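J.: Make a model of this:
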Amino acid sequence: MVYRLDRLEENGINPVTGCRYDNSWVIFILDNSGDYQQMCGNSNGCAYTVKTSRSRHKDWRMAVCDFAGYSEANGKNVVLVIDEADLISAKEFYKGHKYNEKFLRGDEPSVLVHSTPMENWHMIKHDGMLKSWKRLKAEGVISEGQPVGKMLGDPEDFSSYIMFGGGVAGEIVVNSKQKGNIVMDINAEYFTGARLYFDAEKIARDGLLTRDGCHIKVKDTLPLNPYLIWVATWESAGLKSQVSSPAGFAEKADRKFKDITGYDI
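T.: Numbers count the residues shown, from 1 in each chain. From the prediction side, this is the model:
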């Protein structure tokens, strides 16, 4: 079910039921913040929340409808904190679209980046595919109790997906895995892993691309062939050693990728 509210106080009490939130509830808040384009997580006992700035996110209409469509398809109860007029506008704008449509939209990246520790890259090469955290856990490949995204407030169902992130985001995740806690310092030293560049158009065309209103992702598994374009390691990116910083490795690798392929990141 989808519920619309004009406002919401972020605390542990669900205004729809009057009870505490359980894992079936997710929230989308449209605001006019100048501090971010989108921000996700939870606070004060509230459910998982995606905050989106109308003033900074030019495609907020697509975001709210992707969020609602994806969440409903996954059996979630959805709270949209948005003016009624804005929701009507978003639905009208969204006509003909779907959260898992088989083409890239004009604003979506043609290349998707997935970062992973070096030891994981060796396993990925051996398997010939990326696997979600949940799949790896079920196969007994990993022993960690929870994915690093859980510390960021990600819902449990996110562990069934392979996540992508441009810029330095993926390297922050790799560094955080190494440290065992969230490390947001983009200049902190860490051991670089592998940075994988995928053809987003092919992934979408084959019906594998999912949009949840905040992320682009793939469920369960993604074969390397025919989607992988190039892999950056510290050696192929031109670093002097495996030790670098998230910002340093991401910048060096993206520049090398563009030089080799001509793709803009």
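
J.: so who does the nearest residue to Ile216 once chain neighbours are set aside touch?
T.: Nearest non-adjacent residue to Ile216, counting by C-beta to C-beta, 6 or more residues apart in numbering: Phe164, 5.6 Å away. Just so you know, the C-beta spots here come from the backbone N, C-alpha and C atoms, and that holds for glycine as well. Taking C-beta atoms under 8 Å, 6 or more residues apart in numbering as the criterion, Phe164 is in contact with Leu112, Val113, His114, Gly170, Phe198, His215, Ile216, Lys217, Val218.

J.: so the third one is in which element?
T.: Counting by DSSP states H and E, the element that carries His114 is strand 111-116.

J.: likewise the last one?
T.: Here Val218 is covered by strand 216-219, with elements defined by DSSP H and E.

J.: May I see the buried residues of the next helix or strand after that strand?
T.: Following the chain from strand 216-219 toward its C-terminal end, the next helix or strand by DSSP H and E is strand 221-223. If you call a residue buried by 16 or more other C-beta atoms under 10 Å, then strand 221-223 has these buried ones: Leu222.

J.: Repeat that for stretch 1-21.
T.: By neighbour count, and taking 16+ other C-beta under 10 Å as the criterion, the buried residues in stretch 1-21 are Leu8, Asn14, Tyr21.

J.: So which of these sit within strands?
T.: Per DSSP state E, strands hold no members of the buried residues of stretch 1-21.

J.: and which of those is nearest to Ala232?
T.: Minimum separation from Ala232 among the buried residues of stretch 1-21 (C-beta to C-beta) is found for Tyr21, which lies at 40.1 Å.

J.: Spatially central residue for the protein, please.
T.: His215 (3.6 Å; C-alpha atoms, centre = their mean).

J.: how about the nearest residue to that one, chain neighbours excluded?
T.: Met163 is the one closest to His215 (C-beta to C-beta, 6+ apart), at 6.1 Å.

J.: And the one you found, what's its pLDDT?
T.: If you check Met163, the pLDDT there is 94.

J.: right, and it touches His114 too?
T.: Yes: with contact taken as C-beta atoms under 8 Å, Met163 and His114 are classed as touching, separated by 7.3 Å.

J.: check which helix or strand covers Ala250.
T.: Following DSSP H and E, the helix or strand that holds Ala250 is helix 246-261.

J.: counting contacts, what elements does that helix pack onto?
T.: Contacting helix 246-261 under the criterion 3 or more C-beta pairs under 8 Å, 6 or more residues apart in numbering; DSSP states H and E are the following elements: helix 169-179, strand 194-199, strand 228-232, helix 234-237.

J.: what's the closest of these to Phe249?
T.: For the helices and strands packed on helix 246-261, distance to Phe249 was read as C-beta to C-beta. The smallest value, 5.8 Å, belongs to helix 169-179.

J.: so how far is that closest one off the chain centroid?
T.: Its chain's average C-alpha position is 14 Å from that of helix 169-179, according to C-alpha atoms, centre = their mean, to the nearest Å.

J.: Give me the contact list for it.
T.: Residues from elsewhere that reach helix 169-179 (C-beta under 8 Å, 6+ apart): 113-117, 148-149, 151, 164-165, 182-184, 186, 188, 190-193, 195, 246-247, 249-250.
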